[in-house]
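In: curious how this folds, go ahead:
(2 chains)
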2 protein chains.
Amino acid sequence: VIGIGRREQSLRQASEVGAITDGTLELAQGVSKASLVVVCTPVDQIAEHVLAASRSCPAGTLITDAGSTKANIVEQVAGALDSRARFIGSHPLAGSEKRGPSQSQADLFVGRAVVITPTARNSQQDLAEIEDFWTSLGAQVLTMTPQEHDRAVAASSHLAHLVAVALAQAVPEAHHGLAAGGLRDTTRIAAGDAELWTQILLDNRDNVLEALEPFERALGALRKALESGDRPRVRQILMDAKKKRDALGN
Amino acid sequence: VIGIGRREQSLRQASEVGAITDGTLELAQGVSKASLVVVCTPVDQIAEHVLAASRSCPAGTLITDAGSTKANIVEQVAGALDSRARFIGSHPLAGSEKRGPSQSQADLFVGRAVVITPTARNSQQDLAEIEDFWTSLGAQVLTMTPQEHDRAVAASSHLAHLVAVALAQAVPEAHHGLAAGGLRDTTRIAAGDAELWTQILLDNRDNVLEALEPFERALGALRKALESGDRPRVRQILMDAKKKRDALGN
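Out: Residues are numbered from 1 along each chain as shown, chains lettered A, B, ... in the order given. Model (predicted):
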């Protein structure tokens, strides 16, 4: 497992925690003997790094990524991929608001969903290999088109980020002393990397704005029920939300 | 530690986990020798239970509660408390969306804030006793007026509940398979008891509606920045939210 990084220190840390067996600052050198390349950079740079890897890797190397959006990346790669390489987009739905090798977890992907987004260019062999890879880490693989993926994660992930960010902003710091677990949980992802999430939200902007609408409607209905003191309606909304949250699991 | 409950089974469970040393279904019997009574019922019933306890406890017994709102409870109790008892409102900011003795934790209050809301009727002795009680459980005691408390928790707790509820409702169940930790965290408290939270939100309605406004403004600003594709503005909002969330701690 060859780690390719921008800083010696990160590579050393990754080596120390056992995440990589060797490391290099040079992409071309790192992929020169690779059978599989996983590009884990911010979404704005993924296509560029996939294409750079495709020009330096051996013939037949399979390249994937771990980006939170897929349509633009897959489109940008499709037009320019070196013919000796193969690419399938991946999005592992795992991780946290923390970053760096010191936060790595060997079981990060166990029981988690990984979406792969093959296109007509991919063979059955490509699919089988990438599925084997993610499955070997304990993940459950789902197959979607890049467009389906982006629409779904706008609702299941990116919307929650918008909401957590707005909530973190809205609570006056003077009241932080009264914060219990609820506020901490609800705002946790707002501590995520701001640049990384700016890229994700803008890359998937149309879907994110569409996913925001049902949230605004639900919040508006709750506001209205509170304003009018409509106890049965407030209770019904809370019961409905609890049922949906219980269905989501821990 | 005498537990007073509505069902034998709950009392048995509470006894098994070591939360109580004895239990009864009769409030009058349970408080007959109490030096301290802690009423832990839904907010709509707290005043009634405090008053009932005050009529059956020994002279001088100190009564408190664990309700998430304070102004209405303190006001209802003040006018009708039996002269032999003393009351100070408490709100321990700890707990989870789960319920029942099987979810009890001996260290639940360690490092957590507990707000007490004394009034002019309370003596220094009352304050010292209730502070000793919560401090003995590991909590940090804050003193506020009932009105200050209700305004503060509307922002630090009740707002987060509204937001989690609306988010749980807004995410289509079809996309639950793609939920990662972010959505789970952000919606967790929506799994809380619907009746209990209906009472809290309605009891503290004016403050909750007021606390909702800065959230709506923050979300509106984020929506606008996304709609216009204003990358520096989106990044600035996310950086500001991260700074505030980091300040909140884990």
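
In: tell me the buried residues in the helix or strand of chain A with the lowest mean pLDDT?
Out: Taking mean pLDDT, DSSP states H and E as the measure, the helix or strand of chain A with the lowest value is helix A:181-187, at a mean of 91. By neighbour count with 16 or more other CB atoms under 10 Å in any protein chain shown, helix A:181-187 contains the buried residues A:Gly181, A:Gly182, A:Leu183, A:Arg184, A:Asp185, A:Thr186, A:Thr187. The way it works is simple: take the backbone N, C-alpha and C, and place the C-beta from them, glycine included.

In: what is the nearest of the residues you listed to B:Val1?
Out: B:Val1 lies nearest to A:Gly181 out of the buried residues of helix A:181-187, by CB to CB, at 24.3 Å.

In: report the contact partners of that closest one.
Out: B:Ala94, B:Gly95, B:Ser96, B:Ile189 (CB atoms under 8 Å, 6 or more residues apart in numbering or on different chains).

In: give me that answer again for 7 Å
Out: B:Ser96 (CB atoms under 7 Å, 6 or more residues apart in numbering or on different chains).

In: separation between the residue positioned nearest the centre of chain A and chain B?
Out: Residue closest to the average C-alpha location in chain A (CA atoms, centre = their mean): A:Ser68, at 3.4 Å. As judged by CB to the nearest CB, to the nearest Å, A:Ser68 and chain B stand 9 Å apart.

In: helix, strand or coil for that residue?
Out: coil (DSSP: H, G, I helix; E, B strand; the rest coil).

In: so it sits against A:Gln199, correct?
Out: No: counting by CB atoms under 7 Å, A:Ser68 does not reach A:Gln199; the two are 8.8 Å apart.

In: anything in contact with each of those two?
Out: Shared contacts of A:Ser68 and A:Gln199, counting by CB under 7 Å, 6+ apart, come down to A:Val43.

In: which residues of chain A fall in helices?
Out: For chain A, the helices defined by DSSP state H cover A:8-16, A:27-30, A:43-56, A:71-78, A:124-136, A:146-153, A:159-170, A:181-187, A:194-203, A:205-227, A:231-248.

In: list the contacts for the nearest residue to A:Ser68 once chain neighbours are set aside?
Out: Leaving aside its chain neighbours, A:Ser68 sits nearest to A:Ile200 (4.8 Å; criterion: CB to CB, 6 or more residues apart in numbering or on different chains). Taking CB under 7 Å, 6+ apart, we find A:Ile200 in contact with A:Val43, A:Ser68, A:Thr69, A:His158.

In: ok so, going back, most packed of the helices of chain A?
Out: helix A:159-170 (a mean of 27; mean count of other CB atoms under 10 Å in any protein chain shown).

In: what helices or strands is it leaning on?
Out: On a contact count with 3 or more CB pairs under 7 Å, 6 or more residues apart in numbering or on different chains; DSSP states H and E, helix A:159-170 meets helix A:181-187, helix A:205-227, helix B:159-170, helix B:181-187, helix B:205-227, helix B:231-248.

In: quick check, pLDDT for A:Gly177.
Out: pLDDT, A:Gly177: 82.

In: and the pLDDT for the nearest residue to it once chain neighbours are set aside?
Out: The spatially closest residue to A:Gly177, leaving aside those adjacent along the chain, is B:Ala113, at 6.0 Å (CB to CB, 6+ apart). For B:Ala113, the pLDDT comes out at 92.

In: B:Ala113 contacts B:Thr143, doesn't it?
Out: No: counting by CB under 7 Å, B:Ala113 does not reach B:Thr143; the two are 11.2 Å apart.

In: the more surrounded of those two?
Out: Each of B:Ala113 and B:Thr143 has its neighbours counted (other CB atoms under 10 Å in any protein chain shown); B:Ala113 has more, 20 against 14.

In: list the contacts for that one?
Out: Contacts of B:Ala113 by CB under 7 Å, 6+ apart are A:Gly177, A:Leu178, B:Leu93, B:Ala139, B:Gln140, B:Leu142.

In: how close does the last one sit to A:Pro214?
Out: Translated: B:Leu142. 38 Å (CB to CB, to the nearest Å).

In: same check, this time on A:Glu227
Out: The value you get for A:Glu227 to A:Pro214, if CB to CB is used, is 20 Å.

In: and for A:Asp246?
Out: A:Asp246 is 19 Å from A:Pro214, by CB to CB.

In: same question, A:Ser102
Out: 38 Å.

In: shaky segments in chain A?
Out: Across chain A, not a single residue meets the criterion (pLDDT under 70).

In: quick one: contacts for the residue lying closest to A:Ser32 once chain neighbours are set aside?
Out: Excluding its sequence neighbours, the residue lying closest to A:Ser32 (CB to CB, 6+ apart) is A:Ser56, at 6.2 Å. Taking CB under 7 Å, 6+ apart, we find A:Ser56 in contact with A:Leu27, A:Ala28, A:Val31, A:Ser32.

In: so can I have TSV of these showing distance to B:Val234?
Out: Shown next, in TSV, are these (distance: CB to CB, whole Å):
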residue	distance to B:Val234
A:Leu27	29
A:Ala28	34
A:Val31	33
A:Ser32	38
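
In: now, which of those sits nearest chain B?
Out: The closest of those to chain B turns out to be A:Leu27 (CB to the nearest CB; 26.0 Å).

In: could you pull up phi and psi at the residue nearest to the centre of chain A?
Out: Note on A:Ser68: its backbone torsions stand at phi -80, psi -10 [degrees, to the nearest 10].

In: contacting residues for it?
Out: Applying CB under 7 Å, 6+ apart, the residues near A:Ser68 are A:Val43, A:His91, A:Val153, A:Ile200.

In: go through those and say which is closest to A:Gly79.
Out: Of these, the one sitting nearest to A:Gly79 (CB to CB) turns out to be A:Val43, at 17.3 Å.

In: contacting residues around A:Arg121?
Out: With CB under 7 Å, 6+ apart, A:Arg121 has these contacts: A:Ala78.

In: near the nearest residue to A:Arg84 once chain neighbours are set aside, how many other residues are there?
Out: Spatial nearest neighbour of A:Arg84, chain neighbours left out: A:Ala59 (4.2 Å); criterion: CB to CB, 6+ apart. A:Ala59 is flanked by 9 other residues according to other CB under 10 Å.

In: what about A:Ala59, distance to chain B?
Out: Counting by CB to the nearest CB, the gap from A:Ala59 to chain B is 34 Å.

In: also A:Thr69?
Out: 13 Å.

In: which ones are touching that residue?
Out: With CB under 7 Å, 6+ apart, A:Thr69 has these contacts: A:Val43, A:Asp150, A:Ile200, A:Asp203, A:Asn204.

In: ok, back up a step: and the helices and strands packed on helix A:159-170: which comes nearest A:Arg12?
Out: Of the helices and strands packed on helix A:159-170, nearest to A:Arg12 by CB to CB is helix B:231-248, at 25.9 Å.

In: what's the angle between the closest one and helix A:205-227?
Out: 50 degrees (axes from the mean of the first three to the mean of the last three CA atoms, to 10 degrees).

In: packing partners of helix B:231-248?
Out: Counting by 3+ CB pairs under 7 Å, 6+ apart, helix B:231-248 packs on helix A:159-170, helix A:181-187, helix A:194-203, helix B:205-227.

In: how far away from the center of its chain is that helix?
Out: 28 Å (CA atoms, centre = their mean, to the nearest Å).
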